[in-house]
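Peer 1: Predicted model, plus sequence, below.
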Amino acid sequence: MIPEVVRNSNENDYLLDPMIGGGTTAIECKLLNRNLLALDINPNAIEITKNALDFESEFNPKIKLELNDSRSLAMLNDESIDFILNHPPYVDIIHYSEKQIPEDLSNIHDLDEFCDEIEKVAKEFYRVLKKDKYCAILIGDTRRNKMYQPLAFKVMERFLKVGFELKKVMFILENLPPNKAKYTIEKQPQNIEEVSNEEQHYYEELLSNMTPDDKEVASKESFEI
(Lines give C-alpha, C1' and ligand atoms only; values in the text may rest on other atoms or scores of the structure.)
Protein backbone atom coordinates (compact mmCIF):
# COMPACT_ATOMS: atom_id res chain seq x y z
CA MET A 1 0.00 0.00 0.00
CA ILE A 2 2.83 2.44 0.82
CA PRO A 3 4.19 2.66 -2.78
CA GLU A 4 0.75 3.64 -4.08
CA VAL A 5 0.42 6.29 -1.38
CA VAL A 6 3.84 7.80 -2.10
CA ARG A 7 2.92 8.04 -5.78
CA ASN A 8 0.21 10.54 -4.78
CA SER A 9 3.11 12.97 -4.40
CA ASN A 10 5.42 14.33 -7.11
CA GLU A 11 9.11 13.87 -7.80
CA ASN A 12 11.29 16.19 -5.70
CA ASP A 13 8.42 16.86 -3.27
CA TYR A 14 9.35 17.12 0.40
CA LEU A 15 7.54 14.38 2.32
CA LEU A 16 7.17 13.74 6.03
CA ASP A 17 6.76 10.39 7.75
CA PRO A 18 6.80 11.19 11.49
CA MET A 19 6.56 7.53 12.60
CA ILE A 20 8.89 5.84 10.14
CA GLY A 21 8.86 2.44 11.87
CA GLY A 22 10.46 -0.17 9.61
CA GLY A 23 11.45 2.34 6.95
CA THR A 24 9.08 1.38 4.13
CA THR A 25 8.29 5.01 3.28
CA ALA A 26 11.98 5.87 3.16
CA ILE A 27 12.69 2.98 0.78
CA GLU A 28 9.90 4.07 -1.57
CA CYS A 29 11.06 7.68 -1.47
CA LYS A 30 14.54 6.63 -2.51
CA LEU A 31 13.13 4.55 -5.35
CA LEU A 32 10.65 7.23 -6.50
CA ASN A 33 12.85 10.33 -6.03
CA ARG A 34 10.99 12.01 -3.16
CA ASN A 35 12.76 14.00 -0.48
CA LEU A 36 11.85 12.84 3.00
CA LEU A 37 12.10 13.79 6.63
CA ALA A 38 11.76 10.47 8.48
CA LEU A 39 11.13 10.73 12.21
CA ASP A 40 10.47 8.30 15.02
CA ILE A 41 10.46 8.39 18.80
CA ASN A 42 12.16 4.99 18.86
CA PRO A 43 15.93 4.93 18.12
CA ASN A 44 15.61 1.32 16.95
CA ALA A 45 13.25 2.47 14.18
CA ILE A 46 15.78 5.07 13.05
CA GLU A 47 18.54 2.47 12.94
CA ILE A 48 16.35 -0.04 11.06
CA THR A 49 15.46 2.62 8.49
CA LYS A 50 19.10 3.64 8.10
CA ASN A 51 20.04 0.04 7.33
CA ALA A 52 17.06 -0.39 4.99
CA LEU A 53 18.31 2.53 2.87
CA ASP A 54 21.65 0.84 2.24
CA PHE A 55 21.03 0.02 -1.41
CA GLU A 56 21.73 1.55 -4.83
CA SER A 57 19.10 3.64 -6.60
CA GLU A 58 19.06 5.65 -9.80
CA PHE A 59 17.91 8.62 -7.71
CA ASN A 60 19.57 10.45 -4.86
CA PRO A 61 16.83 12.32 -2.97
CA LYS A 62 17.45 14.03 0.35
CA ILE A 63 16.37 11.65 3.10
CA LYS A 64 16.96 12.81 6.65
CA LEU A 65 16.46 10.58 9.69
CA GLU A 66 15.87 12.15 13.08
CA LEU A 67 14.77 11.01 16.54
CA ASN A 68 11.64 12.96 17.44
CA ASP A 69 8.22 12.87 19.13
CA SER A 70 5.64 13.63 16.42
CA ARG A 71 3.57 15.73 18.84
CA SER A 72 6.15 18.47 18.28
CA LEU A 73 7.62 19.23 14.84
CA ALA A 74 9.60 22.26 15.94
CA MET A 75 12.26 21.65 13.27
CA LEU A 76 9.70 22.43 10.53
CA ASN A 77 8.34 25.78 9.46
CA ASP A 78 4.64 26.39 8.81
CA GLU A 79 3.41 25.10 5.44
CA SER A 80 6.76 23.54 4.52
CA ILE A 81 5.72 19.95 3.66
CA ASP A 82 4.20 18.71 0.39
CA PHE A 83 2.81 15.38 1.60
CA ILE A 84 2.49 13.60 4.96
CA LEU A 85 2.21 9.86 5.32
CA ASN A 86 1.51 8.49 8.79
CA HIS A 87 1.03 4.93 10.05
CA PRO A 88 0.46 5.36 13.79
CA PRO A 89 0.24 2.50 16.28
CA TYR A 90 -3.17 0.93 16.83
CA VAL A 91 -3.14 1.97 20.50
CA ASP A 92 -1.23 -0.71 22.45
CA ILE A 93 -1.84 -3.73 20.22
CA ILE A 94 1.94 -3.83 19.75
CA HIS A 95 4.32 -2.21 22.25
CA TYR A 96 6.90 -1.03 19.73
CA SER A 97 9.41 0.16 22.32
CA GLU A 98 8.48 -2.56 24.82
CA LYS A 99 7.44 0.21 27.24
CA GLN A 100 11.03 1.44 27.47
CA ILE A 101 10.12 4.86 26.04
CA PRO A 102 7.44 6.52 28.22
CA GLU A 103 6.32 8.93 25.47
CA ASP A 104 5.70 6.14 22.95
CA LEU A 105 2.05 6.27 21.81
CA SER A 106 1.96 2.47 21.64
CA ASN A 107 2.08 2.43 25.46
CA ILE A 108 -1.42 3.95 25.68
CA HIS A 109 -4.29 1.54 26.27
CA ASP A 110 -7.20 3.93 26.78
CA LEU A 111 -8.77 4.85 23.42
CA ASP A 112 -9.78 8.38 24.40
CA GLU A 113 -6.35 9.15 25.84
CA PHE A 114 -4.74 7.79 22.68
CA CYS A 115 -6.95 10.01 20.50
CA ASP A 116 -6.14 13.03 22.69
CA GLU A 117 -2.47 12.50 21.92
CA ILE A 118 -3.16 11.88 18.23
CA GLU A 119 -4.96 15.22 18.13
CA LYS A 120 -1.70 16.90 19.17
CA VAL A 121 -0.01 15.11 16.28
CA ALA A 122 -2.76 16.22 13.89
CA LYS A 123 -2.35 19.87 14.93
CA GLU A 124 1.32 19.76 14.03
CA PHE A 125 0.56 18.05 10.72
CA TYR A 126 -1.93 20.78 9.87
CA ARG A 127 0.59 23.47 10.72
CA VAL A 128 3.46 22.13 8.59
CA LEU A 129 1.45 20.92 5.58
CA LYS A 130 1.27 23.28 2.61
CA LYS A 131 -2.08 24.66 1.49
CA ASP A 132 -4.10 22.24 -0.67
CA LYS A 133 -1.72 19.35 0.04
CA TYR A 134 -2.52 15.91 1.45
CA CYS A 135 -1.98 13.91 4.62
CA ALA A 136 -2.53 10.16 4.34
CA ILE A 137 -3.25 8.08 7.46
CA LEU A 138 -3.01 4.29 7.42
CA ILE A 139 -4.71 2.85 10.49
CA GLY A 140 -6.84 -0.08 11.58
CA ASP A 141 -9.39 -0.80 14.28
CA THR A 142 -9.26 -2.85 17.43
CA ARG A 143 -11.43 -4.80 19.85
CA ARG A 144 -12.01 -4.48 23.58
CA ASN A 145 -13.70 -7.28 25.50
CA LYS A 146 -14.53 -8.89 22.14
CA MET A 147 -16.38 -5.74 21.05
CA TYR A 148 -15.41 -3.85 17.92
CA GLN A 149 -13.87 -0.39 18.49
CA PRO A 150 -13.77 1.95 15.44
CA LEU A 151 -10.34 3.41 16.15
CA ALA A 152 -9.83 4.61 12.57
CA PHE A 153 -12.92 6.78 12.66
CA LYS A 154 -12.08 8.11 16.13
CA VAL A 155 -8.68 9.18 14.82
CA MET A 156 -10.25 10.65 11.68
CA GLU A 157 -12.56 12.77 13.84
CA ARG A 158 -9.55 14.30 15.59
CA PHE A 159 -7.97 15.24 12.25
CA LEU A 160 -11.21 16.87 11.16
CA LYS A 161 -11.40 18.71 14.48
CA VAL A 162 -8.08 20.51 13.93
CA GLY A 163 -9.05 21.71 10.46
CA PHE A 164 -8.47 18.95 7.93
CA GLU A 165 -11.14 18.17 5.33
CA LEU A 166 -11.88 14.55 4.48
CA LYS A 167 -11.18 13.76 0.83
CA LYS A 168 -11.34 9.99 0.68
CA VAL A 169 -11.63 6.82 2.78
CA MET A 170 -10.30 3.57 1.36
CA PHE A 171 -10.70 0.06 2.72
CA ILE A 172 -7.89 -2.45 2.33
CA LEU A 173 -9.52 -5.84 2.02
CA GLU A 174 -7.75 -8.78 3.61
CA ASN A 175 -8.06 -12.28 2.16
CA LEU A 176 -9.18 -13.97 5.36
CA PRO A 177 -10.35 -17.56 5.96
CA PRO A 178 -14.10 -17.87 6.65
CA ASN A 179 -13.61 -18.63 10.33
CA LYS A 180 -11.93 -15.23 10.82
CA ALA A 181 -14.52 -13.15 8.97
CA LYS A 182 -16.75 -12.70 12.01
CA TYR A 183 -17.88 -9.14 11.38
CA THR A 184 -19.02 -7.30 8.27
CA ILE A 185 -20.11 -3.82 7.38
CA GLU A 186 -23.31 -4.00 5.36
CA LYS A 187 -23.45 -2.15 2.06
CA GLN A 188 -24.50 1.44 2.52
CA PRO A 189 -25.89 4.04 0.09
CA GLN A 190 -22.53 5.84 0.33
CA ASN A 191 -20.98 2.96 -1.62
CA ILE A 192 -19.15 1.46 1.35
CA GLU A 193 -18.56 -2.15 0.38
CA GLU A 194 -18.91 -5.21 2.57
CA VAL A 195 -15.69 -5.76 4.46
CA SER A 196 -14.49 -8.43 6.87
CA ASN A 197 -13.23 -6.65 9.95
CA GLU A 198 -10.89 -9.00 11.73
CA GLU A 199 -7.79 -7.53 10.10
CA GLN A 200 -9.22 -4.65 8.07
CA HIS A 201 -7.46 -1.34 7.75
CA TYR A 202 -8.66 2.11 6.81
CA TYR A 203 -6.62 4.44 4.70
CA GLU A 204 -7.75 8.04 5.07
CA GLU A 205 -6.75 10.91 2.80
CA LEU A 206 -7.21 14.30 4.42
CA LEU A 207 -6.96 17.64 2.67
CA SER A 208 -5.71 20.76 4.43
CA ASN A 209 -6.83 24.36 3.84
CA MET A 210 -9.36 23.72 1.09
CA THR A 211 -10.90 26.62 -0.78
CA PRO A 212 -14.69 27.13 -0.40
CA ASP A 213 -15.26 25.74 -3.91
CA ASP A 214 -13.20 22.65 -3.12
CA LYS A 215 -15.15 22.12 0.10
CA GLU A 216 -18.42 22.19 -1.82
CA VAL A 217 -17.16 19.56 -4.24
CA ALA A 218 -15.76 17.38 -1.45
CA SER A 219 -19.01 17.53 0.49
CA LYS A 220 -20.86 16.07 -2.48
CA GLU A 221 -18.47 13.15 -2.92
CA SER A 222 -19.39 9.75 -1.58
CA PHE A 223 -16.73 7.62 0.04
CA GLU A 224 -14.54 6.16 -2.70
CA ILE A 225 -13.36 2.58 -2.47
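Peer 2: That came in fine, so what should we check first?
Peer 1: My guess is residue 120 contacts residue 71. True?
Peer 2: Yes. Judged on Cβ atoms under 8 Å, residue 120 makes contact with residue 71 at a distance of 4.3 Å. All C-beta spots, glycine's among them, are computed from the backbone N, C-alpha and C.
Peer 1: Residue 64: neighbour count?
Peer 2: The number of residues packed near residue 64 is 11, by other Cβ atoms under 10 Å.
Peer 1: Can you report phi and psi for it?
Peer 2: Per-residue torsions, residue 64: phi -110, psi 130 (degrees, to the nearest 10).
Peer 1: How are the helices of this structure distributed by residue range?
Peer 2: 2-6, 24-32, 43-52, 111-128, 151-161, 212-220 (DSSP state H).
Peer 1: Please name the residues that touch residue 22.
Peer 2: When contacts are counted by Cβ atoms under 8 Å, 6 or more residues apart in numbering, residue 22 touches 45, 48-49, 52.
Peer 1: buried subset of the residues you listed?
Peer 2: When these are checked for burial by 16 or more other Cβ atoms under 10 Å, the buried set is 45, 48-49.
Peer 1: would TSV of those with pLDDT and distance to residue 146 be doable?
Peer 2: TSV is the format used below for these (pLDDT from 0 to 100; distance: Cβ to Cβ, whole Å):
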residue	pLDDT	distance to residue 146
45	97	31
48	97	34
49	98	36
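Peer 1: Among those, which one lies nearest to residue 26?
Peer 2: Each of the buried ones among the contacts of residue 22 was checked against residue 26 using Cβ to Cβ; the closest is residue 49, at 5.1 Å.
Peer 1: Tell me who's in contact with the closest residue in space to that closest one that isn't next to it in sequence.
Peer 2: The shortest distance from residue 49 to any residue that is not its chain neighbour, by Cβ to Cβ, 6 or more residues apart in numbering, is 3.3 Å, and that residue is residue 23. Applying Cβ under 8 Å, 6+ apart to residue 23 gives the contacts 38, 45, 48-53.
Peer 1: Walk me through which strands the longest strand seen in the chain pairs with, and which way each runs.
Peer 2: With residue count as the measure and DSSP state E as the assignment, the chain has strand 129-140 as its longest strand. Paired strands of strand 129-140, with direction, are strand 81-86 (parallel), strand 201-207 (antiparallel) (DSSP bridges).
Peer 1: Would you single out the least confident of these?
Peer 2: Ranked by mean pLDDT, the strands paired with strand 129-140 end with strand 201-207 in last place, scoring a mean of 52.
Peer 1: Turn the buried ones among the contacts of residue 22 into TSV, including distance to residue 76.
Peer 2: Conversion of the buried ones among the contacts of residue 22 to TSV gives the following (distance: Cβ to Cβ, whole Å):
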residue	distance to residue 76
45	19
48	23
49	18
